[in-house]
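[1] just the structure for this:
(chains A and B)
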There are 2 protein chains.
Amino acid sequence: MIAEIVSIGTELLMGQIADTNAQEIGRLLPELGIEHRHRQTVGDNVGRIADALRLALSRSDIVFTIGGLGPTEDDVTREAVSLAIESPLVEDEAILKKLREIAEIRKSPWTESQNRQALRPECARTVPNENGTAPGLICVRGDKTVICLPGPRTEFLPMLRGPVREALSRLAGPPIVSRTIRVTGIGESLVEEMVKDLLHLGNPTVAPYAHPGQVDLRITAFGDADTAAKLIEPVEAQIRAILGDAVFGTDEDTLESAVVDALRARGQTLAVAESCTGGLLGGRLTNVPGASDVFLGGVVSYANEIKERVLSVSPVTLKEFGAVSAECAREMAAGARGLIGSDWALSVTGIAGPGGGSAEKPVGTVFLGCAGPLGVSAEGLRFRGSRESIRVRSVQASLTQLWHALARGA
Amino acid sequence: MIAEIVSIGTELLMGQIADTNAQEIGRLLPELGIEHRHRQTVGDNVGRIADALRLALSRSDIVFTIGGLGPTEDDVTREAVSLAIESPLVEDEAILKKLREIAEIRKSPWTESQNRQALRPECARTVPNENGTAPGLICVRGDKTVICLPGPRTEFLPMLRGPVREALSRLAGPPIVSRTIRVTGIGESLVEEMVKDLLHLGNPTVAPYAHPGQVDLRITAFGDADTAAKLIEPVEAQIRAILGDAVFGTDEDTLESAVVDALRARGQTLAVAESCTGGLLGGRLTNVPGASDVFLGGVVSYANEIKERVLSVSPVTLKEFGAVSAECAREMAAGARGLIGSDWALSVTGIAGPGGGSAEKPVGTVFLGCAGPLGVSAEGLRFRGSRESIRVRSVQASLTQLWHALARGA
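    Residues are numbered from 1 along each chain as shown, chains lettered A, B, ... in the order given. You can find the predicted model right below:
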């Protein structure tokens, strides 16, 4: 099986956005044992899209289109697919009904252009869009399959990872099983060094993928489900033995879900006190459905006066050590724990830049506090990079601090 | 002039890296008035690269290759270009000399494979690489030009922005100027309906792009900078007249930066009270460097007890209307404004799902409060989609609520 991607959108050619959707498909295909040799990117032009599809269909079995399914005039993917696979567009009653329901819920007026989203090639079946209006399409013509996915990421990803992945596994060859071990608090090169004896096993393969503050090790085994599981198991055990509590989970686990699960298992609760992250730590913890079992809330103390008045940070601390200090981080965490009445509280205070740095405390200086049943601790870190990167890494480091405290049985 | 990009590298197809180099070229081309209709991405395979180049040369005047110029066996761009443009590879004495000098400076041993980097198609001239070994190549064959650039970003960018940009401006026609008008609070189809008379002007062109809760209208004009500005100006004025205060900014503006700027201009301050967004609203506001001029902080009141005790929401309100209600949103906003001592406060309370919905208040029900100098208001909304999508749209809607209040001079 050979697949090919046709990414659609003038904004992609113009470089306004990176084609991260194509990247997601690119990562998925090898997992399913599907080869992938070409990608084409074209603007919102029906003739050029149809030509790109004809070329793709001449050399690939499965062709993905990304984008161009919206209601506006430059959304012409449906028309182009219909031309390329020679299957006329028909109006789908079920889609139309769904679209009208959505418009009613949103209380948005029905415009003529929205009818276009109910069109599909006659041979296509639809993939429901839980997060937007236009459905995805799977068109089968002889031994060729065209899969049309919407461009907006919040609509694209759930479709790809759910129903499309399922349809692909049915089309694909022998299964490949993979398991991802998730690691925090150790850099990529050190992780790679520590597990280097496992990187050249053959079957299973082990490959590291780095994210800000996190490394994933993906173990992939070829064979049926049972054989593959037996190949993966001992390798996972070895990785866990080497990396210890730097491993916080596997597969769908996130650092925030691992922390929420660990707290839930102990019947304990959590609060936050955030300065430079402005709410991102609470925002990330509450990514987890059911976070309310353990997360009570917190305070964003962006101004020093709020640190003092709401979180009871002492004015002497602020004056002597400054708001960006281990002392302040400790008092913020203790203050949040007291105010919210939680078992644990995390605090973040730092300089995210681009302004505000000094020789003594340059941009990227961050202090993290952690207050728990056994006391309060703080650590200082220094990050490089953009404002966004410093804030994202601060959140990751704060969650890691709590993960370690919980994993070590504090 | 029409240009096309051929991006080379199996790591691009596998999704291991995003093709940010192609993005850079994509941004540069319109500035130089060069059209850009296609991009192809292929793995490290000499036959497939040559085929992609032949296709590109059949429909475009300028073809870029990115990547595959290194010394290793899978770096085969030189060979593929030589095949596609039918210009034999020759060893370039000057390149070889330079490569040997670099090896000496780096004190790295000379390996046979490095000789390959001194090869170039006979018709090519080289572009010096100040940050690596392999030079870039500009190959002219009749009226077609092939420009080969290295993949590593630190080598690619200086070449593109320096000598390649210069070579391109000599090839190109009149430049293109574009301006993006940013719109919030109105859906894509309605925006398009409202400005539909402007979508077919020719020069300038107007194109809509949708994001969650936001629509961008890009006006693009062809001509030198002065002419283009004069073409764009009246169209921008018309769009602003039609869309009114739904337009929050242009170009680099974000909704959060527009809100921060508007508050700063009035010398006013802001606080937040967040439930279902868990901190994301504060997190987004503090994306803006210098947000501390206006943003003081806030409370994440995830548990009802925190709404009551810290934000002074009345227990009667929680009992009679529930935490997800206009009444609670109003009291949360008023409570945050009082506690933090700000001029304005925004609140968000809702059901982000996947659990917690009911027939009366299904998942996606969100109430937004806004407390200001003139009083407190609240609005109820219903979003579809995933937990993530509901939370992101809630933040966008909350910022839009304040933007409208500020724009209307409240």
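
[2] buried ones in stretch A:70-89?
    A:70-72, A:74-85, A:87, A:89 (16 or more other C-beta atoms under 10 Å in any protein chain shown). From N, CA and C alone the C-beta is placed, and that goes for glycine too.

[3] would you say residue A:348 is within a strand?
    Yes: counting by DSSP: H, G, I helix; E, B strand; the rest coil, residue A:348 is part of a strand.

[4] now for the closest residue to it other than its chain neighbours: which residues touch it?
    For residue A:348, ignoring the flanking residues on the chain, the nearest one in space by C-beta to C-beta, 6 or more residues apart in numbering or on different chains is residue A:277 at 4.8 Å. By C-beta atoms under 8 Å, 6 or more residues apart in numbering or on different chains, the residues touching residue A:277 are A:348, A:352, A:391, A:394, A:395, A:398, B:283, B:286.

[5] can you classify residue A:277 by secondary structure?
    Residue A:277 ends up coil, using three-state DSSP.

[6] residue A:56: what's it in contact with?
    Contacts of residue A:56 (C-beta under 8 Å, 6+ apart): A:4, A:6, A:38, A:40, A:63.

[7] backbone torsions only: list them for the fourth one.
    Residue A:40 has phi and psi values of phi -120, psi 150 when expressed as degrees, to the nearest 10.

[8] show me what it is bridged to.
    When bridges are called by DSSP bridges, residue A:40 pairs up with residue A:6, residue B:40.

[9] re the thing from before, show me the contacts of residue A:277 that map onto strands.
    residue A:348 (DSSP state E).

[10] a markdown table please, covering the contacts of residue A:277 and showing neighbour count, pLDDT and distance to residue A:188.
    Below are the contacts of residue A:277 laid out as a markdown table (neighbours: other C-beta atoms under 10 Å in any protein chain shown; pLDDT from 0 to 100; distance: C-beta to C-beta, whole Å):
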| residue | neighbour count | pLDDT | distance to residue A:188 |
| --- | --- | --- | --- |
| A:348 | 27 | 98 | 23 |
| A:352 | 28 | 96 | 23 |
| A:391 | 26 | 96 | 20 |
| A:394 | 27 | 97 | 19 |
| A:395 | 27 | 97 | 19 |
| A:398 | 30 | 98 | 20 |
| B:283 | 26 | 98 | 26 |
| B:286 | 27 | 98 | 28 |
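
[11] which of the contacts of residue A:277 lies closest to residue A:316?
    Residue A:316 lies nearest to residue A:348 out of these, by C-beta to C-beta, at 21.4 Å.

[12] would you mind listing what in the stretch 251-400 of chain A touches chain B?
    Proximity of the stretch 251-400 of chain A to chain B, by C-beta under 8 Å from any C-beta of the partner chain, involves residues A:272, A:274, A:276-287, A:289-292, A:295-303, A:305-306, A:310, A:339-341, A:352-355, A:387-388, A:391.

[13] filter these to the buried ones?
    A:272, A:274, A:276-287, A:291-292, A:295-303, A:306, A:310, A:339-341, A:352-353, A:387, A:391.

[14] picking that back up, can you name the two of the contacts of residue A:277 that sit furthest apart?
    Across the contacts of residue A:277 (C-beta to C-beta), the longest gap, 15.3 Å, separates A:398 and B:286.

[15] quickly find the element holding residue A:345.
    Under the criterion of DSSP states H and E, residue A:345 resides in strand A:344-350.

[16] report the strands that pair with that strand, each with its relative direction.
    strand A:270-274 (parallel), strand A:365-372 (antiparallel).

[17] ok, which of these comes nearest residue B:374?
    Among the strands paired with strand A:344-350, the nearest to residue B:374 by C-beta to C-beta is strand A:270-274 (29.6 Å).

[18] mind listing the helices for the stretch 101-250 of chain A?
    In the stretch 101-250 of chain A, the helices defined using DSSP state H, counting those that start in this stretch lie at A:153-159, A:165-171, A:188-194, A:225-243.

[19] how about the last one: buried residues?
    Yep, that's helix A:225-243 we're talking about. For helix A:225-243, using 16+ other C-beta under 10 Å, the buried residues are A:228, A:231, A:232, A:235, A:236, A:239, A:243.

[20] which of these scores worst on pLDDT?
    Within the set of the buried residues of helix A:225-243, pLDDT is lowest for residue A:228 (88).

[21] ok, that one to chain B distance?
    Counting by C-beta to the nearest C-beta, to the nearest Å, the separation of residue A:228 from chain B is 20 Å.

[22] so that residue touches residue A:179, yeah?
    No: using C-beta atoms under 8 Å, residue A:228 is not in contact with residue A:179, being 9.1 Å away.

[23] now residue A:351: how far from residue A:391?
    Per C-beta to C-beta, to the nearest Å, residue A:351 is found 11 Å from residue A:391.

[24] check residue A:114 too.
    Residue A:114 is 38 Å from residue A:391, by C-beta to C-beta.

[25] please list the residues of the stretch 101-250 of chain A that sit near chain B.
    So the stretch 101-250 of chain A meets chain B at A:102, A:105-106, A:108-109, A:111, A:113-114, A:130-132, A:152, A:154-155, A:158, A:209 (C-beta under 8 Å from any C-beta).

[26] and the contacts of residue A:56 as JSON lines, adding pLDDT?
    Below are the contacts of residue A:56 laid out as JSON lines (pLDDT from 0 to 100):
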{"residue": "A:4", "pLDDT": "98"}
{"residue": "A:6", "pLDDT": "98"}
{"residue": "A:38", "pLDDT": "96"}
{"residue": "A:40", "pLDDT": "98"}
{"residue": "A:63", "pLDDT": "98"}
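
[27] what's the closest of the residues you listed to residue B:96?
    residue A:38 (34.0 Å).

[28] tell me the SS of the closest residue to the closest one other than its chain neighbours?
    Among residues not flanking residue A:38 along the chain, residue A:4 sits closest, at 4.8 Å (C-beta to C-beta, 6+ apart). Of the three states, residue A:4 takes strand under three-state DSSP.

[29] that older thread, out of the buried ones among the residues of the stretch 251-400 of chain A next to chain B, which are inside helices?
    A:280, A:281, A:282, A:283, A:284, A:285, A:306, A:339, A:340, A:387, A:391 (DSSP state H).

[30] please pull out the lowest mean pLDDT helix or strand from chain A.
    Across the helices and strands of chain A, mean confidence by mean pLDDT, DSSP states H and E is lowest for strand A:205-211: a mean of 79.

[31] low pLDDT regions in the stretch 51-200 of chain A?
    A:173-176 (pLDDT under 70).

[32] for whichever residue of it sits closest to chain B, which non-adjacent residue is spatially closest?
    Nearest residue of the stretch 51-200 of chain A to chain B: residue A:131, at 3.5 Å (C-beta to the nearest C-beta). Leaving aside its chain neighbours, residue A:131 sits nearest to residue B:385 (3.5 Å; criterion: C-beta to C-beta, 6+ apart).
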